[in-house]
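K.L.:
build me a model from this:
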Amino acid sequence: MIDYLELGKTLFSLKKFSRIIIDRDLQIVGGVDDASAFFSGVTPTNFCEFFSEEDQQKLQQTIENLKNNDVVSLALTTFAETPLEIILIQKGQRFELICCDASESLQLLEQLAVFYRYFQTTPMAIAMTDPDGNILEVNPSFLKLYGYELKDVIGGNPRILKSGRHSPQLYEDMWRQISDPESGHWSGEVINRASDGTEVTVMLSISVVRKSDGTLQGYIASAFNISQQKRLEQQLKNYNNELKDLNALKSELTAITSHDLKAPINSIISRINLVRDSLDSMSAEKITEHLDKMIDAGQKMGAFINQILDMERIEAGRVQFETERLNLEALLYSIVELNRLTATDKQVSISYQQEGHFVPIRADRMKLEQIFNNILSNAINYSPSGSTITVSCQSVEDTIQIEITDQGSGIPAEEIAGIFDRFSQVRKKGALSTRVHGSGLGLNIVQKYVEMHNGTVSVRNGAEKGCTFTVEIRGRGTISSSADLAALIVDSRDQIYPYLEAPLKDRDVCCYVCKTPQEMHRILENEHPELLFLIGSNLSAVTESGETPLISVFLNEVSLEDSGQCFQSLQVPVLDIEIHSLLADVISHINGEVA
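P.N.:
As a prediction, this is how the structure comes out:
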C-alpha cells in the first residue's frame, strides 16, 4: 500500500513541487496559489485553460481511465511553453495533481545527450567499469582500437588488454595513485594487446568516479593510440644513427673519382659555361631547360655517392649489422604507408595484402627499410599513371615472402639476368621508363642486405607487362646478442620476478610477465619469447601456491607438454653471473654452436 504522505514528502524534498486539486470537470478546487508561477501569474479556474487541445485530451483520457487511489504520471506543456511533470492521484471524486517545472530536467537530458554523442564519436578509446573492474560500457573507438566486438568485452575485465610487457611494479604504482583520495587519477604510456595479438602503444588515463557522498561508483579509462608516433620516433633514431655513420665516412668522399661522378660534373660545368656565354642571346625557356638538366645531374650524382658509400662499407666489412626483435609484416606495412603519398602524386595506387601467421624475427630494421624502400620507390618511378602496385606479404612455414609487383614496362629479357650486378641502372626512354644495364649500385646493395638476413631476392617479368621483385627471408635470424632475446616470466605470486627483472633488462632482454596459464599461452603464441621462466620443475607449477626456491628455465622451441625437461634450473636468490652464463648458453644453443 502506497503511503501518499511519505511519497509527497519525498517529492517535495527533491524538487519544488506544487499541489493542485481538481474535480472530474477539471475545475480547480484548491492549491492553485502554489502553482500560479506555472500560469504566468494568472489564476485559472479550469486546469485545461493553459494547455493545447491535444494536451487537454491527453489529460481528460488519463482521468477517465483512473480508479480510486491510482497513481499515474504524465508530461504536459503550457501555452507559455513551460514543460510540466505531473503526478496524478485519484481520491474519490477529486484528483490531486503534484506538478513540477521540468525545464531543468530537460536541460540536463540535453547535456547528457551531448556527453553521450561525444562518447560515441570521439577518437579516444573510452571504457567504464564498476568498482570491481567489470566493464560496463565502451565506445566505438575502443572496439576499433583493440578489435573486439561489444559482446566480447561487456562484463569482462580490462586485463584482457594486458600485453605482459610491464612489470607488476607499474600496476602497483598505477593503483596506488588511483586509490589516493587526493589524486584519484593516473596517466602514462602503456603497451596493450589487441584481440588479434598485435601490440598497441597508447597514452592511457584512468580516473575514479565517485558519488556525491564519496562512495566509489567505478572507473573511467581513456586511451589514445600513439603506435604510429612510436614507430616514427624509432625511424628518426635509426636515421640519426645513419647520419653518424655517414659523418664518420665523410673523409672518403675526396677519394671518389669514378666515371659516374665525373660525367655529371662535366655535364654541369659544360652547361654552366654554355649558359654564361650565351646569356644575352639564349631564351628564358632554353635557360630553364639547361637548369633542369643540371639539377637532375646533381641529384643523380648525390644518389650515386650514397650508394658508393654503402658499397664500400660492405666490401670493407665495416657494415654494422644491428639486429633487434621486430615484426616484419608491421615494418613492411609502415613502409608502404610512407611511400603511398609519393605514389599518389604520380596517380599510382598501392595495394597491400598479408596472409599467414607471423612471428618476430631478428633483423636489422634500418637495412630492411632500405631494401623495401629501394624496391618500392623503383616500382613507383616506373609505373605509368593510373596503374596499381601490389605489395604482398605471406608467411609459409619458416619463410616470409614479400612480393612487389608493378604494371610498368618490365625489364628487357637480355638485361634481367644482370639486374643485381654492381653496375646496373635504370634509364628512361620516351614517356615511360625502361630498365637497362648500365652503372648503378642500388639493387646490388639490396641483394647484399637481403643475403645478410639469410634471404634471397629475385625478379621476374609479368606475362604481359610489369615485373615482380620477390624477397624471401628464411628463419628467425641469428642471435647476435642478448638484445635479440625475449623472456616470459610466469609468476602468479611475484615470487621470482623481482630476482629476474633487473639482470635481464640490464642485458637488454625483452621481458614479458604473466600470472595465469591463459596469459602465458597468449604471449607464447604472439611473441614467441625464447626463454620461459617457471616456478618449479614443469608447466603444472604455474598454478601451484606456496614459495618454491627453484626456478625452471625452458626454451620455447618444443612443446613443453611433450618435452617435460627444462634447459636449466636456478636457485633463489639468482646471482647476476648466473643470468650472464644462462644467456650465453641459450645464444650458443639456439645458434647451433658447440659450447
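K.L.:
every contact and neighbour count from this point should use C-alpha atoms.
P.N.:
Fine.
K.L.:
in this protein, which helix or strand is least confident?
P.N.:
Lowest by mean pLDDT, DSSP states H and E among the helices and strands of the chain is strand 425-429, with a mean of 38.
K.L.:
can you pull out the helices in the stretch 451-595 of the chain?
P.N.:
497-506, 517-527, 560-563, 576-590 (DSSP state H, counting those that start in this stretch).
K.L.:
closest to residue 200 out of the ones you listed?
P.N.:
Evaluated with C-alpha to C-alpha, those place helix 517-527 nearest to residue 200, the distance being 13.1 Å.
K.L.:
tell me the mean pLDDT over that closest one?
P.N.:
In this model, helix 517-527 has a mean pLDDT of 88.
K.L.:
same question, stretch 397-411
P.N.:
On average, stretch 397-411 scores 91.
K.L.:
nearest to residue 176, out of the helices of the stretch 451-595 of the chain?
P.N.:
helix 497-506 (18.9 Å).
K.L.:
which parts of that closest one are buried?
P.N.:
For helix 497-506, the neighbour count (16 or more other C-alpha atoms under 10 Å) marks 497, 500, 501, 503, 504 as buried.
K.L.:
equivalent analysis for stretch 94-105, please.
P.N.:
Neighbour-count burial for stretch 94-105 [16+ other C-alpha under 10 Å]: 94, 95, 96, 97, 98, 99, 100, 101, 102.
K.L.:
give me the domain ranges for this protein.
P.N.:
4-103, 122-225, 324-474, 482-590 (automatic domain parsing).
K.L.:
nearest residue to residue 206 in space, please, no chain neighbours.
P.N.:
Computed as C-alpha to C-alpha, 6 or more residues apart in numbering, the closest residue to residue 206 that is not its neighbour in sequence is residue 221, at 4.3 Å.
K.L.:
let's have the helices of the stretch 451-595 of the chain in JSON lines, adding distance to residue 87.
P.N.:
Putting the helices of the stretch 451-595 of the chain into JSON lines (distance: least, C-alpha to C-alpha, whole Å) gives the following:
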{"stretch": "helix 497-506", "distance to residue 87": "63"}
{"stretch": "helix 517-527", "distance to residue 87": "55"}
{"stretch": "helix 560-563", "distance to residue 87": "69"}
{"stretch": "helix 576-590", "distance to residue 87": "76"}
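K.L.:
rank those helices by pLDDT, which is bottom?
P.N.:
Among the helices of the stretch 451-595 of the chain, helix 560-563 carries the lowest mean pLDDT, a mean of 41.
K.L.:
tell me the SS of the residue nearest to residue 206?
P.N.:
Secondary structure assignment for residue 221 (DSSP: H, G, I helix; E, B strand; the rest coil): strand.
K.L.:
what separation do you get for it and residue 99?
P.N.:
40 Å (C-alpha to C-alpha, to the nearest Å).
K.L.:
before we move on, the earlier item: with distance to residue 271 added, can I get the domains of the chain in JSON lines?
P.N.:
Shown next, in JSON lines, are the domains of the chain (distance: least, C-alpha to C-alpha, whole Å):
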{"stretch": "domain 4-103", "distance to residue 271": "82"}
{"stretch": "domain 122-225", "distance to residue 271": "52"}
{"stretch": "domain 324-474", "distance to residue 271": "21"}
{"stretch": "domain 482-590", "distance to residue 271": "53"}
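K.L.:
how about those, which one is nearest residue 115?
P.N.:
With C-alpha to C-alpha as the measure, domain 122-225 is the member of these nearest residue 115 (10.3 Å).
K.L.:
leaving out the residues flanking it, which one is nearest to residue 385?
P.N.:
residue 347 (5.2 Å).
K.L.:
the one you found: what's it in contact with?
P.N.:
385, 386, 387 (C-alpha atoms under 8 Å, 6 or more residues apart in numbering).
K.L.:
please repeat the previous calculation with a cut-off of 10 Å.
P.N.:
Residue 347 is in contact with 341, 380, 383, 384, 385, 386, 387, 388, counting by C-alpha atoms under 10 Å, 6 or more residues apart in numbering.
K.L.:
you'd agree the last one is up against residue 340?
P.N.:
The one in question is residue 388. No - using C-alpha atoms under 10 Å, residue 388 is not in contact with residue 340; the gap is 11.3 Å.
K.L.:
overlap of the contact sets of these two?
P.N.:
348, 349, 350, 351, 380.
K.L.:
measure the second one to residue 385 for me?
P.N.:
Pointing back at residue 349 there. Taking C-alpha to C-alpha, one finds residue 349 at 9 Å from residue 385.
K.L.:
go on, the third one?
P.N.:
With the distance defined as C-alpha to C-alpha, residue 350 ends up 12 Å from residue 385.
K.L.:
who has more neighbours, those two?
P.N.:
Legend: neighbour count by other C-alpha atoms under 10 Å for residue 350 and residue 385, higher for residue 350 (21 against 17).
K.L.:
returning to what we had before: who touches both of residue 350 and residue 385?
P.N.:
Taking C-alpha under 10 Å, 6+ apart as the criterion, residue 350 and residue 385 both touch 343, 344.
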